[in-house]
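Engineer: With the sequence up front, the predicted model follows.
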Amino acid sequence: MRWRLAAVSAGLTFVILVCVALVVGRLASDRLTDDLRAQVAEQGNAVAARFATLDPSQYGYLFSRSISFDDGSAVRVVEADGDERGSTLGAPRFGPPTASASLMRSGEWEVATTQIPTARTGEPLYLQYASSR
């Protein structure tokens, strides 16, 4: 009888510990994902603000000469239909910007899309800043 009670007690303890570990793991994973998404959005807004002061006709030249990100990030400047105006070397296509979400996932990339505030062109331009997970 004692062995049976000890086995049931050990089994219940094991199940409770596994459940607690799963909950804590899920909470930590959600927090890390939220932190990454916030960081991508913040960086996207910062880069878009830098672009707001530039002439849109120079985006292609600017990307080919001076902008690079060593942290595995990619940047694209696109029109509303997704046509590219400039991008960092090797930046994949993330599709056209959507009004419904400023943050989205595209393959292994977390993508923040920000409209570039500019009065120099009649069409809206969007900056897509992406970071791989």
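Structural biologist: Sure thing, it's come through. All of these numbers come straight from a predicted model, not from anything done at the bench.
Engineer: give me every residue that touches Met104.
Structural biologist: For Met104, the contacting residues are Phe94, Thr98, Glu110, Val111, Thr113, by Cβ atoms under 8 Å, 6 or more residues apart in numbering. Every C-beta, even on glycine, is put in place using the N, C-alpha and C of the backbone.
Engineer: what do you get for Asn45?
Structural biologist: Asn45 touches Ala112, Thr114, counting by Cβ under 8 Å, 6+ apart.
Engineer: what are the phi and psi values for it?
Structural biologist: The phi/psi pair for Asn45 (degrees, to the nearest 10) reads phi -60, psi -40.
Engineer: returning to that earlier point: out of the contacts of Met104, which two are the most distant from each other?
Structural biologist: Maximum pairwise distance among the contacts of Met104 (Cβ to Cβ): 14.6 Å, between Thr98 and Glu110.
Engineer: Next secondary structure after the lowest-mean-pLDDT helix or strand in the chain?
Structural biologist: Ranking every helix and strand in the chain by mean pLDDT, DSSP states H and E puts helix 59-65 at the bottom, with a mean of 58. The element immediately downstream of helix 59-65 (helix or strand, assigned by DSSP states H and E) is strand 73-79.
Engineer: average pLDDT across that following strand?
Structural biologist: Taken as a whole, strand 73-79 has a mean pLDDT of 83.
Engineer: That strand - contacts with which helices or strands?
Structural biologist: Judged by 3 or more Cβ pairs under 8 Å, 6 or more residues apart in numbering; DSSP states H and E, strand 73-79 is in contact with helix 2-51, helix 59-65, strand 84-87, strand 125-132.
Engineer: switch to 7 Å and redo it
Structural biologist: strand 84-87, strand 125-132 (3 or more Cβ pairs under 7 Å, 6 or more residues apart in numbering; DSSP states H and E).
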